[in-house]
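Trainee: Have a look; sequence and predicted model below, questions after that.
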Amino acid sequence: MAFLLRQSVRVGTRRLLPALYATRGFSAGVVAPSQAQRTASNPQLNFPCLDVNQDRERSLDGGPEPAYEKIATGYKTFSHKQPFLLDHGGVLPSFEIAYETWGQLNKAKDNVILIHTGLSGSSHAKSHPDNTSKGWWEDFIGPGLYIDTNKFFVICTNVIGGCYGSTGPSSVDPADGERYATRFPILTIFDMVRAQFFLLDHLGVDRLHASVGSSMGGMQSIAAASLFPQRVNRVISISGCARSHPYSIALRHTQRSVLMNDPNWNKGFYYKGHPPHLAREIATITYRSGPEWEQRFGRKRAHEDQSPALCPDFLIETYLDHQGERFCLQYDANSLLYVSKAMDLFDMSASARQKLQGQRDRNKVRFAKLLQDQGEVEACKIASPVSSLEPHAVENNKENLQEDVRSHLKTVADRPALSSLPNTPDLQDLVAGMRNITMPSLVIGVQSDILFPVWQQKEIAECLRLGGNKNVTYYELDSMYGHDTFLIDKVGIGSAIKGHLELLE
Ligand SMILES: CC(=O)SCCNC(=O)CCNC(=O)[C@H](O)C(C)(C)COP(=O)(O)OP(=O)(O)OC[C@H]1O[C@@H](n2cnc3c(N)ncnc32)[C@H](O)[C@@H]1OP(=O)(O)O
């Protein structure tokens, strides 16, 4: 039957062709028209989603001032005029940090809370007279709110590497007057924190009441507590981690890879031309959760009456497309690359930190010469980053630690909430790297978070406890908002923060 069908189609086509050509001015036997002149079986689909991209690119055409430089306004700037050595050997000749503050610094200067942002956060956590637009933690910070500005002096900064007023790849390299682009050095979470503490020095703040951060800020919060244990009274880490795990590195790699393969990226030198496309859609998938989207969008399509298309069609697709588009003009592509790489590199393990310190020590010789040549001294009262960790903590404490871990695992077996902590062989290494974080610590995780899964928060809490911290609180929320819960769940996240900031006083 199939054979018969094929035959009749072939015969039918042969019979039809002369008639078809005849209607177009060809007679049978004349040479067939070229491919270009033939008509396709079906019309090409439309791609409004890609046309929008072209419009976006056109709007920045030739414009030297990217949109993100206009978004952040009303912040203060701290300028560090001396060269700044980074963990991996790069040097910034000077740097600036954009910061905003709320509340009043008290006389004793002991009511300061430093807030660390997520990857793409600006210093604008809360509105104020110099920038009245809502901040990313608008409902968390304020008089009588979870972070109470009647009591606390709150500081939020844009990280170095970012693009909202702090020095990053889109900033101008004073050496040649051109934007750094990919001549910006690789940086780490520890570098970001060191830069923030130069700001604290500048503000005359010796000790923080608390270091508070979410997501990448959760990493910074822990890093700050360990780099400067004598300057941090308590720590809060929300949806962060003590070291990036391969799955989150893979997710960030995918975004970087899409971006770097966009011809507009041009190895980072795109500032005078069209910006590349930021793969924010991929990131958004990692920020929220399947159950939320099931409830919010289900299988609904934007226009149920229209034929399906390759461009966004389902509501979840138009949503992701919208998020991607919105972000493209709001964040610098190179900042995304550098800051997300810093997140990948984050590792609080003693061995990793000692390796970094070794690198710093070697580079410091070169750096000291640089300062000497410029007739300057490194004017930071900050101690050497890991000097407060016992040297070779892993080796020295190996036996004790193994005993700690053994007894810990026994206890954990009786505590269902922590039983899913992976039995990582190098847990001792992580414990040793965080041993000097002895101040009261609050760790919060969210069950639906796929980017920083709860086992990573448990890992922080357990490593702190194993390291001897007697004041660790661990909260796990069952919110459906995934990683973004820290931006959305005021009551769940906010109450835990308030409790930690105030009840322990
Ligand atoms: C990894 C790290 O270090 S940090 C984590 C990073 N996370 C982020 O950066 C999150 C960024 N997202 C935000 O800031 C969000 O606005 C939040 C989380 C504060 C609030 O989320 P929500 O209130 O749920 O709003 P959400 O952003 O999801 O959606 C609202 C927007 O989507 C649009 N939208 C909603 N559904 C659809 C749809 N089906 N199709 C198209 N657009 C849609 C809305 O019109 C609205 O647009 P607008 O913002 O331009 O007005």
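Mentor: Structure's in. What do you need?
Trainee: from here on, contacts and neighbour counts on C-alpha atoms
Mentor: Will do.
Trainee: quick one, what contacts the residue most central in space within the chain?
Mentor: Using C-alpha atoms, centre = their mean, the residue of the chain that lies closest to the mean C-alpha position is Leu119, 2.5 Å off. Contacts for Leu119 (C-alpha atoms under 8 Å, 6 or more residues apart in numbering) come out as 215-217, 336, 339-340.
Trainee: same thing with Asp321?
Mentor: Taking C-alpha under 8 Å, 6+ apart, one finds 281, 312 in contact with Asp321.
Trainee: quick one: pLDDT of it?
Mentor: Model confidence at Asp321, given as pLDDT, is 86.
Trainee: Which strand or helix spans the residue nearest to the centre of the chain?
Mentor: For Leu119, there is no enclosing helix or strand under DSSP states H and E.
Trainee: Find out how far stretch 166-185 is from the centre of the chain, if you would.
Mentor: In terms of C-alpha atoms, centre = their mean, to the nearest Å, the centre of stretch 166-185 is set 20 Å apart from its chain centre.
Trainee: list the buried ones in stretch 164-179?
Mentor: With burial defined by 16 or more other C-alpha atoms under 10 Å, the residues of stretch 164-179 counted as buried are 164-171, 173, 179.
Trainee: so how far is it from its chain's centroid?
Mentor: 20 Å.
Trainee: Restricting the selection to alpha carbons, write it to CSV.
Mentor: C-alpha atoms of stretch 164-179 as CSV (Å, rounded to 0.1, in the frame of the first residue of the first chain):
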residue,chain,number,x,y,z
TYR,A,164,26.8,49.9,39.0
GLY,A,165,29.4,52.4,40.0
SER,A,166,32.1,50.1,41.3
THR,A,167,35.3,49.5,39.3
GLY,A,168,34.7,46.6,36.9
PRO,A,169,35.5,45.6,33.3
SER,A,170,33.4,48.4,31.9
SER,A,171,35.4,51.0,33.9
VAL,A,172,38.2,53.0,32.3
ASP,A,173,41.7,51.7,32.9
PRO,A,174,43.7,54.8,34.1
ALA,A,175,46.8,53.4,32.4
ASP,A,176,45.5,54.0,28.9
GLY,A,177,42.1,55.7,29.2
GLU,A,178,40.3,52.8,27.6
ARG,A,179,37.7,50.5,29.2
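Trainee: Without its sequence neighbours, what residue ends up closest to Asp262?
Mentor: Pro276 (6.0 Å; C-alpha to C-alpha, 6 or more residues apart in numbering).
Trainee: Quick check: the one you found is in a strand.
Mentor: No. Counting by DSSP: H, G, I helix; E, B strand; the rest coil, one finds Pro276 to be coil, located in no strand.
Trainee: tally of neighbours for it?
Mentor: By other C-alpha atoms under 10 Å, 24 other residues sit near Pro276.
Trainee: one step back: would you report the backbone torsion angles of the residue nearest to the centre of the chain?
Mentor: phi -50, psi -50 (degrees, to the nearest 10).
Trainee: Would you give the sheet partners of the top strand by length along the chain, along with the direction of each?
Mentor: When the chain is parsed with DSSP state E, its longest strand is strand 95-102. Take DSSP bridges as the rule and strand 95-102 pairs in its sheet with strand 76-80 (antiparallel), strand 153-157 (antiparallel).
Trainee: on that earlier part again, now list the buried members of the contacts of Leu119.
Mentor: Counted by 16+ other C-alpha under 10 Å, the contacts of Leu119 give 215-217, 336, 339-340 as buried.
Trainee: Could you pick out the one among the residues you listed with the lowest pLDDT?
Mentor: Leu336 (94).
Trainee: Do I have it right that that residue meets Ser120?
Mentor: Yes. If you go by C-alpha atoms under 8 Å, Leu336 and Ser120 touch, sitting 7.4 Å apart.
Trainee: between the two, what contacts are shared?
Mentor: Gly162.
Trainee: Report the separation between the two terminal residues of stretch 137-147.
Mentor: Here the two ends of stretch 137-147 are set 10 Å apart, with distance taken as C-alpha to C-alpha, to the nearest Å.
Trainee: residues in contact with that stretch?
Mentor: Here stretch 137-147 makes contact (C-alpha under 8 Å, 6+ apart) with 102-103, 125-127, 148-150, 487, 490, 494-495, 497-498, 501.
Trainee: Over to stretch 87-98?
Mentor: Residues contacting stretch 87-98 (C-alpha under 8 Å, 6+ apart): 75-86, 123, 157-160, 164-167, 174-175, 185-188, 190-191, 195-196, 199, 356-357, 359-360, 363.
Trainee: List only buried entries from those.
Mentor: 75-76, 78-80, 82-86, 123, 157-160, 164-167, 185-188, 190-191, 195-196, 199, 356-357, 360, 363.
Trainee: interface residues of the protein facing the ligand?
Mentor: Taking C-alpha under 6 Å from any ligand atom as the test, the list of the chain residues beside the ligand reads 118-119, 215-216, 287, 315-316, 318-319, 322, 484, 487-488.
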